[in-house]
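Undergrad: Predicted model follows, preceded by the sequence.
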Amino acid sequence: MELQWSKEETAEFLRYARGSFNAQDRAILEKRLRDGTEQTTSAVYDTYTNTHRFQRNKDDVIGECVDEVWDSDEQFAAVVQEALESASGSYERAKERGFKDGLKLPKEVDKQIMTTAWKHALTNALIKASLAKLQRICVSRASDGALCAISGRLTLSWEPSYLVEEDYCDLEPNVIYDIMNNGVGVIKAYTGINAYLRKRQKPAITREMEFMQYSGVFNKNQDKNSPYEGCSTLWIKAEHLLPQHQKETLEVVNKLKRVPFELCKRCNLMVQIISYFRIILMENTCARIKRHQDVVESGVIFTLLYIASIQSDKTIYMNAEVAGASRDIKLQRDMLIIVRSNVHYEIKPLPGKMFIISAWITGAK
């Protein structure tokens, strides 16, 4: 028979669970979510009294997600339930291994195993819930007026003070056909930037990306359940980019914002692009994008993958699979790949370095 807790008992246990999460646990959680590129974590306060905030500033979407999970009794209760189930299994397995090895289990050791299992399980459950919320927030947040695509010729200009009539013809008819019928559309030389580079000359957008990398603003993913295993990521908005330092990155982001307008106009869809973009850094053979599809439950209809830079002596491919049919796409710099949400795709580890700008397009089918 399943044990039913009263509201008072549930509230008391949630207080205990929050109180068990000390400064060291918080630092571990922050490190695993944001990981190592930042030299320090934000100031740690008493988590039990909820006087701390995980969110460091108004643009810290990761901290915002953790705060929402932490502060909501309903969401935190779900986290605790998952953590209890996981910790119980880990605790029993640890004891079983110890007994098989002939080890004794004093009371102090038993308590330490139980505590360690609980802390590890709670941290994992918080990360899982926060990352799920992160995706939902990113696909639903479109505060920029220019992101709300309108099917027709009259659209909002990038200047918010007036309207302008504009045609969108960035996608060739065969690309539109491939997107709608085959699940994947590929556009080579999407922006045309750096089309006439001298031999061995490094593209400006590569220099911009590497400047951000060396500035330590990327966060390395260490969650084994994430599709972006070993990758480093950076969430940005167009207004975060400075024309004098990230001119070509800004040009790409602004052009990616045009895609939903064109899909609305030419495919009879109602979609919008999110205001946040993600820069993905894949470096050396430790990083890969595992086979996955971007979940439909969050409202994602298309994923944009812009190949900003490739530095490798090997040919790099992205594998895409839809309805059992597999396809290898040879990746090139300045290539845009538009992937429908029912497509599974992956990029295997590469010898070298690659920067990808990704964005989700959400809306109604």
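TA: That came in fine, so what should we check first?
Undergrad: Report the distance from stretch 254-262 to the chain centre.
TA: 20 Å (C-alpha atoms, centre = their mean, to the nearest Å).
Undergrad: Between the two ends of that stretch, how far is it?
TA: Start-to-end span of stretch 254-262 (C-alpha to C-alpha, to the nearest Å) is 14 Å.
Undergrad: which parts of that stretch are buried?
TA: 255-262 (16 or more other C-beta atoms under 10 Å). C-beta here means a position set from N, CA and C on the backbone, and glycine is covered the same way.
Undergrad: Just the ones of those in strands?
TA: Secondary-structure check on these using DSSP state E: no residue lies within strands.
Undergrad: For those residues, could you give me CSV that also reports distance to residue 17?
TA: CSV is the format used below for the buried residues of stretch 254-262 (distance: C-beta to C-beta, whole Å):
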residue, distance to residue 17
255, 47
256, 41
257, 42
258, 47
259, 43
260, 41
261, 46
262, 48
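Undergrad: My guess is residue 264 contacts residue 258. True?
TA: No - Residue 264 is beyond contact range of residue 258, at 10.7 Å (criterion: C-beta atoms under 8 Å).
Undergrad: Contacts only, for the closest residue to residue 357 other than its chain neighbours.
TA: Nearest residue to residue 357, sequence neighbours excluded (C-beta to C-beta, 6 or more residues apart in numbering): residue 306, at 4.3 Å. Taking C-beta atoms under 8 Å, 6 or more residues apart in numbering, we find residue 306 in contact with 190, 252, 256, 335-337, 356-358.
Undergrad: Identify, from those, the entry nearest to residue 175.
TA: Set against residue 175, the nearest of the contacts of residue 306 by C-beta to C-beta is residue 336 (9.0 Å).
Undergrad: coming back round to it: confirm that the residue nearest to residue 357 sits in a strand.
TA: Yes - assignment of residue 306 by DSSP: H, G, I helix; E, B strand; the rest coil places it within a strand.
Undergrad: Now that we're looking at it, what pLDDT does it have?
TA: Looking at residue 306, its pLDDT reads 97.
Undergrad: Can you tell me who it pairs with across the strands?
TA: In this entry, residue 306 is beta-bridged to residue 336, residue 357, by DSSP bridges.
Undergrad: Could you do the one 4 residues further on as well?
TA: Applying DSSP bridges to residue 310 gives these bridge partners: residue 354.
Undergrad: Kindly tell me how buried it is, as a neighbour count.
TA: Residue 310: 22 surrounding residues under other C-beta atoms under 10 Å.
Undergrad: Could you measure from the residue nearest to residue 357 over to residue 214?
TA: Residue 306 sits 21 Å away from residue 214, going by C-beta to C-beta, to the nearest Å.
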